[in-house]
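> Here is a sequence together with a model predicted from it:
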Amino acid sequence: MLLEQRIKQNKPFPSENERAAVNILYSANWILEHMRNFLARFGITQQQYNALRILRGKFPESLSTGEIRERMVDRAPDASRIVDRMIAKGLVQKAACASDKRRIDVTITQAGLDLLETIEQSPDRPSNLVRGLTAEESAQLNALLEKMKKIDNDSDGEVDSENQNPAE
């Protein structure tokens, strides 16, 4: 089903760039909704899942809540509360940093590692939402998304309206 049919739009988009932007937003929300429903079965949120994956990547070392927040896809200002909820579930543990008493170090527990393993073994895990793409198509999509973000980071916000590209 085409984007226009999904959003019940009868008029064409003014440009392919506008259609692409709406399609990216629609697709992001579609993925987030699937993830929210999927992760709810495991009793965690998307932010908790993201934090667990970050901590697993650093395991057996720990990270501070600030470092977790900096690495998160959705940089939640309430990283401390996210960590506290995961502690209550036994998924992570925290301890005072030996070298900086103001810092709290967070480490994933075996239960957290086991939960990630269970999630990633599920046949309907979120990464399977792109199973219709080949590895080459996924690489191309990643390259295009990175290019889009690079243009935003490299420009001062000016856009050449004729080409819909940042002014050079």
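Ah, there it is.

> what about the closest residue to S80 other than its chain neighbours, how many residues close to it?
Nearest residue to S80 in three dimensions, chain neighbours excluded: T65, at 5.0 Å (CB to CB, 6 or more residues apart in numbering). To be clear about C-beta, it is placed using only N, CA and C from the backbone, and glycine gets the same treatment. By other CB atoms under 10 Å, 20 other residues sit near T65.

> SS state for K147?
The three-state assignment at K147 reads helix, by DSSP: H, G, I helix; E, B strand; the rest coil.

> what about it, neighbour count?
K147: 9 neighbours (other CB under 10 Å).

> Roughly how far does it sit from P14?
Per CB to CB, to the nearest Å, K147 is found 22 Å from P14.

> Show me the shaky parts of the chain.
Residue ranges of the chain with pLDDT under 70: 1, 76, 152-168.

> Strands along that one, start to end?
63-64, 92-96, 104-108, 159-160, 165-166 (DSSP state E).

> nearest residue to V73 other than its sequence neighbours?
Distances taken as CB to CB, 6+ apart place N50 nearest to V73, at 5.4 Å, with adjacent residues excluded.
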